[in-house]
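> for reference, the sequence and a predicted model appear below.
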Amino acid sequence: EQIANRFLYALRMRQAYELIDQGEVEDVQQLLDPYSSGGPLADLRGFEWFHLNRRLHAERLSLTGHRGEVYGVAFSPDGRVLASGGQDGLIKLWDPTSGQELATLAGHRSCVNVVVYSPDGQILISASCDHSIKLWHAVTHELLGTLEGHDGDVLCLALTRDGRRLASGGKDRFIRVWDLATSEILKTLNLTGPGVNALCWQHDDSELMMAAAGENSGFEVWNLNNETVRKTQWGTLGFASDPGSDEIAVAGRDNLVHFVGGDPPGSEALAGHRSRVETVAFSSDAAWLASGSADKTIRIWGRKRDLCRQVFSGHTGRVQSLAFAPDVDLLASASFDGTVKLWSLNSDALPRLRSTLFVANGAQPNDLVAISPDFRYLGLPVSANRIDVFHVSDGKECRRLEALPGVATGLNFLGADPPVLFGIPRGSDQISQWNSARDQFEGSFDRPHGGPRYTARTSDAQHVIANDSESVTVTDALSGQVWCTLRRTDPLTLPRTFFSPDRQLMAVSMDADRIGWIVDFSARSYRRAVEHPRAVANHAELLATSRDVLSVSLFEAASGRELFTLQHQTPLTEVAFSPDARTLATGTADGSVYLWNIATGQAITRYETRSGSVIKLQFTPDSRQLAAFTIDDRERPSGDASYAGRLFVWRGVDGP
């Protein structure tokens, strides 16, 4: 029964990852529920369960004041108010920070399809199925006027950038352009199609893009200067204008996001949604594009748009409208499930840092990247004599540390609170550490003897490992006593060391004949291991070893019994055990991170970063967060020894 439960857990987590990208959050919740806290199967869950649970409850707030479907959302220009309109004919105003309902505007006799703020934030405009457009004072909430002229449901609005002209359209096949100051109709276009469900101004507001409501219809472009109309190929449900260019994102009925205009034109379509794309929105700085779909998910795309950076799965109905807050970090979504949700973009798999990594004297690159156990700090060399420390939360530099030039040394954070960065060469024979709380150097250690490929790492505050071309020497940093020296026998193989997550065990990869060592710091002992180690677990003495560049095998360290061999499609670059010894993470040269269930050897999921090679993987001590650091040779300047590095963080939570 225990074995069956382990395999069932691995299968359910794999299914959950597949379903969450399809927006089937209710099915995912059912797969996670048997392993909730306090349940009989809770001890089976690993990092993947906590991460899936985080994604199920990724929204910052969920607003449930509407009765029925919600059709439109809009932020005020100062970001202090969020407006929503829905099937109940009401407009609700919310505080996006607290989720408190500020006011309800009742004036329409039928559903409110869209809400828009004027650029100066003084007027809120709403369009309704009662055939009217209403203008509201954004501060006093007074009804300023009603624009009447449509003979059918008004489905869409578009304001020019200066806020002077308003375009409206809907089921009556008429496009009307209004003077917002006088409420006069400036121009009218009579279409022959089934009506219009989206509008967007482009080219300095001289052209109006119009999405036809028919299932197989394309969109049309109306040039207001010469009164011509031209048709295009894609059936669409929405538009979004790039604030920094003339490029327009098009929400496609073909499940894709297309682009028109821009320089150069013809960007590739974005694929990933499993049903038609209902809405798109750019952030104010154009760094992010969001797309919402009938598949109930929201996808976040970066500036290069080569990769979906995040999938928000929380709605149980189709996503109808999206709006970014002015400060970019916050995204609002309106859904047919009757809710408005607020999402933070500063979470989960979004890249937190883009910096330069300097690889000195050919040292192993993963020894040059240090992440604090609590994921608050990242330390890495950025030049031959400088180490920078960054805040992981926002990627901003918090400290520049001078180091001795030309010395390749390992960096790692000690398991202290606050974090202490160890391994900074401060003199010809000394290594120092930096205390984040005091913001000062302290505890300089005499450098243990090392050869030409000298690196130094530490297991804790007492043990320093000198790793050179000849041997791995463990030195007590307080007494200077050497209590372990492991020498290589193969002159072609360079030694490498790998710590268990609690840093009490160290695996040493030494010889080409696949014989390694296990060093136990708590027992102050060491013994041979039967395989060439790549990583070591601490709760269960397991070794991860590489049989070849595409596979990693799990062994029992004591008996040498092989448990599983895990195959990869691209060369393996990094391996890490979770501290609870339930999940193994592997990184590859194409920037992929794989999760494996240790109890069964089953593949759980794959995270794609598409940002070069994974050189560092690390879990937090509670196994709830996973970090990956990647570097990409393709982004390195010609003739330069630096690398472009990115840090990715995936977070998990226990409860909602």
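Here it is on my side, so go on.
> listing partners with orientation, what would you give for the strand or helix carrying residue 554?
In this assignment (DSSP states H and E), residue 554 forms part of strand 551-556. The sheet places strand 551-556 alongside strand 542-548 (antiparallel), strand 562-567 (antiparallel), with pairing taken from DSSP bridges.
> got the contact list for the longest one?
With C-beta atoms under 8 Å, 6 or more residues apart in numbering as the contact definition, strand 542-548 has outside contacts at 507, 514, 516, 518, 529, 531-537, 552-557, 563, 565, 572, 575, 577, 581, 584, 598. (Each C-beta comes from the backbone N, C-alpha and C, glycine too.)
> ok, now stretch 374-383?
Against stretch 374-383 from outside (C-beta under 8 Å, 6+ apart): 353, 355-358, 360, 368-372, 387-393, 398, 401, 403, 411, 413, 417, 419, 421, 436, 620, 625, 627, 629, 642, 645, 647, 649.
> centre of the chain versus that stretch, how much separation?
Between the mean C-alpha location of stretch 374-383 and the chain-wide mean there is a distance of 19 Å, by C-alpha atoms, centre = their mean, to the nearest Å.
> by mean pLDDT, show me the worst of the strands paired with strand 551-556.
If the strands paired with strand 551-556 are sorted by mean pLDDT, strand 542-548 sits at the bottom with a mean of 85.
> output that one in CSV with nothing but the alpha carbons.
Extracted C-alpha coordinates of strand 542-548, given in CSV (Å, rounded to 0.1, in the frame of the first residue of the first chain):
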residue,chain,number,x,y,z
LEU,A,542,21.5,9.0,-1.4
LEU,A,543,24.0,9.8,-4.1
ALA,A,544,23.1,11.3,-7.5
THR,A,545,25.7,10.3,-10.0
SER,A,546,26.2,10.8,-13.8
ARG,A,547,26.6,7.7,-15.9
ASP,A,548,26.8,9.9,-19.0
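> quick revisit: among the contacts of strand 542-548, name the buried ones.
Neighbour counting over those (16 or more other C-beta atoms under 10 Å) leaves 507, 516, 518, 529, 531-537, 552-555, 557, 572, 575, 577, 581, 584, 598 as the buried ones.
> in the stretch 151-300 of the chain, what spans have low per-residue confidence?
Within the stretch 151-300 of the chain, the ranges that satisfy pLDDT under 70 run 214-218, 232-235, 262-267.
> and if we set it to 50?
Segments of the stretch 151-300 of the chain classed as low confidence (criterion: pLDDT under 50) are 264-265.
> where along it do the strands fall?
154-159, 165-170, 174-179, 184-190, 196-202, 207-212, 219-223, 228-231, 236-241, 248-252, 257-260, 277-282, 289-293, 297-301 (DSSP state E, counting those that start in this stretch).
> out of those strands, which comes closest to residue 36?
When the strands of the stretch 151-300 of the chain are compared for distance to residue 36 using C-beta to C-beta, the nearest one is strand 297-301, at 23.5 Å.
> show me what the closest one is packed up against.
For strand 297-301, the packing partners by 3 or more C-beta pairs under 8 Å, 6 or more residues apart in numbering; DSSP states H and E come out as strand 289-293, strand 308-313, strand 319-324, strand 330-335.
> looking at these, which has the lowest confidence?
Taking the mean pLDDT of the helices and strands packed on strand 297-301, strand 308-313 comes last: a mean of 84.
> what is the three-state secondary structure of the spatially closest residue to residue 586 that is not a sequence neighbour?
Sequence neighbours aside, residue 594 is the residue nearest to residue 586 in space, at 4.7 Å (criterion: C-beta to C-beta, 6 or more residues apart in numbering). At residue 594, secondary structure determined by DSSP: H, G, I helix; E, B strand; the rest coil is strand.
> let me know the pLDDT of residue 594.
Value listed for residue 594 in the pLDDT field: 97.
> same check, this time on residue 149
Each residue has a pLDDT score; the one for residue 149 is 90.
> could you dump the strands of the stretch 151-300 of the chain into CSV with mean neighbour count and distance to residue 441 added?
As requested, the strands of the stretch 151-300 of the chain are exported to CSV (neighbours: other C-beta atoms under 10 Å; distance: least, C-beta to C-beta, whole Å):
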stretch, mean neighbour count, distance to residue 441
strand 154-159, 24, 56
strand 165-170, 25, 62
strand 174-179, 20, 66
strand 184-190, 13, 69
strand 196-202, 24, 56
strand 207-212, 25, 60
strand 219-223, 19, 62
strand 228-231, 11, 67
strand 236-241, 24, 50
strand 248-252, 26, 50
strand 257-260, 23, 50
strand 277-282, 26, 45
strand 289-293, 26, 44
strand 297-301, 24, 40
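> save those as a markdown table, and put in distance to residue 137 too.
Shown next, in a markdown table, are those (distance: least, C-beta to C-beta, whole Å):
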| stretch | distance to residue 137 |
| --- | --- |
| strand 154-159 | 16 |
| strand 165-170 | 16 |
| strand 174-179 | 18 |
| strand 184-190 | 20 |
| strand 196-202 | 24 |
| strand 207-212 | 27 |
| strand 219-223 | 31 |
| strand 228-231 | 36 |
| strand 236-241 | 26 |
| strand 248-252 | 31 |
| strand 257-260 | 35 |
| strand 277-282 | 25 |
| strand 289-293 | 29 |
| strand 297-301 | 31 |
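> nearest to residue 541, of these?
Nearest to residue 541 among the strands of the stretch 151-300 of the chain is strand 297-301; the distance by C-beta to C-beta comes to 40.9 Å.
> okay, the angle between that closest one and strand 277-282?
Here the directions of strand 297-301 and strand 277-282 differ by 40 degrees (axes from the mean of the first three to the mean of the last three C-alpha atoms, to 10 degrees).
> next, the angle strand 248-252 makes with strand 297-301.
With the same axes, to 10 degrees as the criterion, the two stretches strand 297-301 and strand 248-252 enclose an angle of 150 degrees.
> partners of strand 297-301 in the sheet?
Sheet pairing here is set by DSSP bridges, and for strand 297-301 it gives strand 289-293 (antiparallel), strand 308-313 (antiparallel).
> and the contacts of the longest one?
With C-beta under 8 Å, 6+ apart as the test, strand 308-313 has contacts from 20-21, 23-25, 28, 55-56, 58-59, 270, 272, 288, 296-302, 331, 333, 341, 343, 345, 347-351.
> what about the longest strand in this structure?
With residue count as the measure and DSSP state E as the assignment, the chain has strand 642-651 as its longest strand.
> was I right about residue 422 contacting residue 416?
No: with contacts counted by C-beta atoms under 8 Å, residue 422 stays clear of residue 416, the gap being 9.6 Å.
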